[in-house]
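Q: 3D model of this:
(2 chains)
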Number of protein chains: 2
Amino acid sequence: MYPGNHRRTPQEVELKSHMYCKPGLWRGHSPNLIVIRWWQHQTYIGKDHKAAIQQWRSEGRAAVWLHVPILQSRFIAPAAALGFCFHHAEADSSTLTLWLGQGPSRLPGYATHQVGVAGAVFDESTRKILVVQDRNKLKNMWKFPGGLSEPGEDIGDTAVREVFEETGIRSEFRSLLSIRQQHSHPGAFGKSDMYIICRLKPRSFTIELCPHECLRCEWMDLTELAKAANATPVTSRAARLLLYGHREGFEKIDLTMDQLPAVYTGLFYKLYHRELPDSYKMMTGVD
Amino acid sequence: MYPGNHRRTPQEVELKSHMYCKPGLWRGHSPNLIVIRWWQHQTYIGKDHKAAIQQWRSEGRAAVWLHVPILQSRFIAPAAALGFCFHHAEADSSTLTLWLGQGPSRLPGYATHQVGVAGAVFDESTRKILVVQDRNKLKNMWKFPGGLSEPGEDIGDTAVREVFEETGIRSEFRSLLSIRQQHSHPGAFGKSDMYIICRLKPRSFTIELCPHECLRCEWMDLTELAKAANATPVTSRAARLLLYGHREGFEKIDLTMDQLPAVYTGLFYKLYHRELPDSYKMMTGVD
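A: Prediction:
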């Protein structure tokens, strides 16, 4: 079950909390939620709140959300003394929660994954693939150029951007090839990492290496990469997938992309899966 | 480029910052980084820090990381007045940063995605698939049971857990079918959402509906679901994929999973892609 169904979302909360809130005063139409938005001139945290929280708990309320602008952070420690903890914080505000319900908190957590994307830029006509060696950690290991998605950036756009930033090569998205999930990731502040390799088609061929990031960069024969001992395991695997796709058709290895409208938000999302034959897309003749 | 390469990671920072730190005193062996760990009895934020920051900037240092335990949050607002902002916060601590370098910050961001997983539990022998209708938002729309991954939980484990929690059906992971990326997600505190559908094999068949989450749950004929008007678009798409796979072989639609050791951390990760023929796995006879 996603938050926003039986769990409450912070969006709901924030929409309902644009009025000043004194404990117990504002109820909204979510009877299990209390929202406090902390204003500079409201300094009553402490004993009054302890009583209020006891009352809310006795009323069977589920949770309290507390939004604190960074310049009002002096209210955080007293709230923590009452049992609040950080839910998340970013830029100039923090959000704290206090779970009032039975058992462990059922409030939805915050983002759990960073997303990294690498671009496997493969030139079908020459069977060459673009590979780099990092300046630092993975020294002497061949890998595909790539890096972290910026907030709100689509997977394919990250791949194209990172390839360009590291190698100067322009390319375009073709498909998604593989997904790796790794937890407690050292480069993700202990969070999880989703690392996605995309197949890209080159639009330019002259390498302009970024000296801050890469030691080496070259167009390497795909078979050579698939057999190379000094390639990262994920790179070797993707090279073998590409070799298979190059010989027997990329439809064997690709997850293709469709853009679809989201039902409720009016936004679009991108969906990746194995290409469906037309008869299944239309659902004609498949009874 | 991933953080941990030319970008600095907070792990590096924290390892190097276990000593008390007065401005300008501790340098470690990362000459571009200053780390301050805030202790209760260190109350000197203010004018001294303003001067220190000016000096660090003139020395060409890149950034300052500031770790603040929740009970010491009174130090956050003065830090913000000096230009610090939240990088992230969770549970009982927050981390702030101040970028000192040229141009916009090049420090790595925090986690950007939540991961939701749905389980498409398909019984090949009867061609029935397990579907639910939500109690709230997606009322009257058929979909697969699913929900958010817990921190550190593998994709397939989320699918199996959520299916069991919502429907009482036990199942096991078979493959990954599709990935959807959606930004500014209402249920993700404005962050991005990665929604993954897994193919699961049922291990039990008696539905025990969770009444808090679901209105309806049934084993539905797969063709019926693929044609249903009242299924979410992603559910319809996955149903058609499954129909294709059921008729022509699941290897046509599956991303299968391998577990591999991570080079540096000693941990394992899971990698999903199209199944490779054995000759490509071994790289024999593929020259």
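Q: Okay, now the unreliable bits of chain A?
A: Along chain A, the model assigns pLDDT under 70 to residues A:1-48, A:138-139, A:264, A:284-287.
Q: Strands of that one, start to end?
A: Using DSSP state E, the strands found in chain A span residues A:33-37, A:63-69, A:85-90, A:93-99, A:113-123, A:128-134, A:142-143, A:146-148, A:171-182, A:192-202, A:214-221, A:256-261, A:268-273.
Q: just those strands: most buried one?
A: strand A:113-123 (a mean of 26; mean count of other CB atoms under 10 Å in any protein chain shown). The way it works is simple: take the backbone N, C-alpha and C, and place the C-beta from them, glycine included.
Q: Run the chain-centre distance for that one.
A: Mean-position distance between strand A:113-123 and its chain equals 14 Å (CA atoms, centre = their mean, to the nearest Å).
Q: follow-up on the earlier one: now distance to B:Gln114 too, for the strands of chain A, in a markdown table please.
A: What follows is these, written out as a markdown table (distance: least, CB to CB, whole Å):
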| stretch | distance to B:Gln114 |
| --- | --- |
| strand A:33-37 | 20 |
| strand A:63-69 | 17 |
| strand A:85-90 | 11 |
| strand A:93-99 | 15 |
| strand A:113-123 | 7 |
| strand A:128-134 | 29 |
| strand A:142-143 | 27 |
| strand A:146-148 | 16 |
| strand A:171-182 | 13 |
| strand A:192-202 | 10 |
| strand A:214-221 | 32 |
| strand A:256-261 | 19 |
| strand A:268-273 | 14 |
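Q: between those strands, which gets nearest to B:Glu90?
A: Ranking the strands of chain A by proximity to B:Glu90 (CB to CB) places strand A:85-90 first, at 5.5 Å.
Q: CA atoms of the closest one as PDB?
A: The C-alpha atoms that make up strand A:85-90 are tabulated as PDB, following Å, rounded to 0.1, in the frame of the first residue of the first chain:
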ATOM      1  CA  CYS A  85      12.200  13.100  15.800                       C
ATOM      2  CA  PHE A  86      13.300  14.200  12.300                       C
ATOM      3  CA  HIS A  87      11.300  12.800   9.400                       C
ATOM      4  CA  HIS A  88      13.400  14.700   6.900                       C
ATOM      5  CA  ALA A  89      15.000  18.100   6.300                       C
ATOM      6  CA  GLU A  90      16.200  19.800   3.100                       C
END
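Q: how much does it deviate in direction from strand B:93-99?
A: Relative orientation of strand A:85-90 and strand B:93-99, computed by axes from the mean of the first three to the mean of the last three CA atoms, to 10 degrees: 20 degrees.
Q: before we move on, back to that, let me have the strands of chain A in JSON lines, adding distance to chain B as columns.
A: Listed next are the strands of chain A as JSON lines, based on distance: least, CB to the nearest CB, whole Å:
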{"stretch": "strand A:33-37", "distance to chain B": "14"}
{"stretch": "strand A:63-69", "distance to chain B": "9"}
{"stretch": "strand A:85-90", "distance to chain B": "4"}
{"stretch": "strand A:93-99", "distance to chain B": "6"}
{"stretch": "strand A:113-123", "distance to chain B": "4"}
{"stretch": "strand A:128-134", "distance to chain B": "5"}
{"stretch": "strand A:142-143", "distance to chain B": "10"}
{"stretch": "strand A:146-148", "distance to chain B": "5"}
{"stretch": "strand A:171-182", "distance to chain B": "4"}
{"stretch": "strand A:192-202", "distance to chain B": "7"}
{"stretch": "strand A:214-221", "distance to chain B": "8"}
{"stretch": "strand A:256-261", "distance to chain B": "6"}
{"stretch": "strand A:268-273", "distance to chain B": "4"}
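Q: which stretch among those strands comes nearest B:Thr158?
A: B:Thr158 lies closest, by CB to CB, to one member of the strands of chain A: strand A:171-182, at 10.4 Å.
Q: Could you measure from A:Phe173 over to A:Arg240?
A: The gap separating A:Phe173 from A:Arg240 is 21 Å, by CB to CB, to the nearest Å.
Q: whoops, A:Val117 was the one
A: Plainly put, A:Val117 is 20 Å away from A:Arg240 if you go by CB to CB.
Q: A:Gly266 too?
A: Taken as CB to CB, the span from A:Gly266 to A:Arg240 is 41 Å.
Q: So these two - more neighbours on which side?
A: Using other CB atoms under 10 Å in any protein chain shown, the more surrounded residue of A:Gly266 and A:Arg240 is A:Arg240, with 25 against 7.
Q: Quick one: residues contacting the more buried one.
A: Residues in contact with A:Arg240, defined by CB atoms under 8 Å, 6 or more residues apart in numbering or on different chains, are A:226, B:276, B:280-281, B:283.
Q: change it to 6 Å
A: A:226, B:276, B:280 (CB atoms under 6 Å, 6 or more residues apart in numbering or on different chains).
Q: Buried ones among those?
A: A:226, B:276, B:280 (16 or more other CB atoms under 10 Å in any protein chain shown).
Q: now, which of the residues you listed sits nearest B:His183?
A: B:Leu276 (31.9 Å).
Q: Identify the residues contacting that closest one.
A: A:Arg240.
Q: For it, give its distance to A:Leu243.
A: 9 Å.
Q: what's the answer for A:Cys217, then?
A: 21 Å.
Q: and what of A:Met220?
A: When distance is defined by CB to CB, A:Met220 is 12 Å away from A:Leu243.
Q: can you check A:Asp92 too?
A: To A:Leu243, A:Asp92 is 50 Å away according to CB to CB.
Q: neighbour count winner among the two?
A: Higher neighbour count among A:Asp92 and A:Leu243: A:Leu243, with 24 against 12, using other CB under 10 Å.
Q: Contact partners for the more buried one?
A: A:222, A:226.
Q: What is the nearest of the buried ones among the contacts of A:Arg240 to A:Gly152?
A: Once CB to CB is applied, the member of the buried ones among the contacts of A:Arg240 that ends up nearest A:Gly152 is B:Leu276, at 33.3 Å.
Q: doesn't B:Glu251 make contact with A:Arg274?
A: No - using CB atoms under 6 Å, A:Arg274 is not in contact with B:Glu251, being 9.9 Å away.
Q: More neighbours: which of these two?
A: Between A:Arg274 and B:Glu251, A:Arg274 has the larger neighbour count (other CB under 10 Å), namely 22 against 14.
Q: What sits closest to the more buried one if chain neighbours are left out?
A: Excluding its sequence neighbours, the residue lying closest to A:Arg274 (CB to CB, 6 or more residues apart in numbering or on different chains) is B:Ile253, at 4.9 Å.
Q: Do I have it right that that neighbour meets B:Ala239?
A: No - B:Ile253 is beyond contact range of B:Ala239, at 11.4 Å (criterion: CB under 6 Å).
Q: With that, I have no additional questions.
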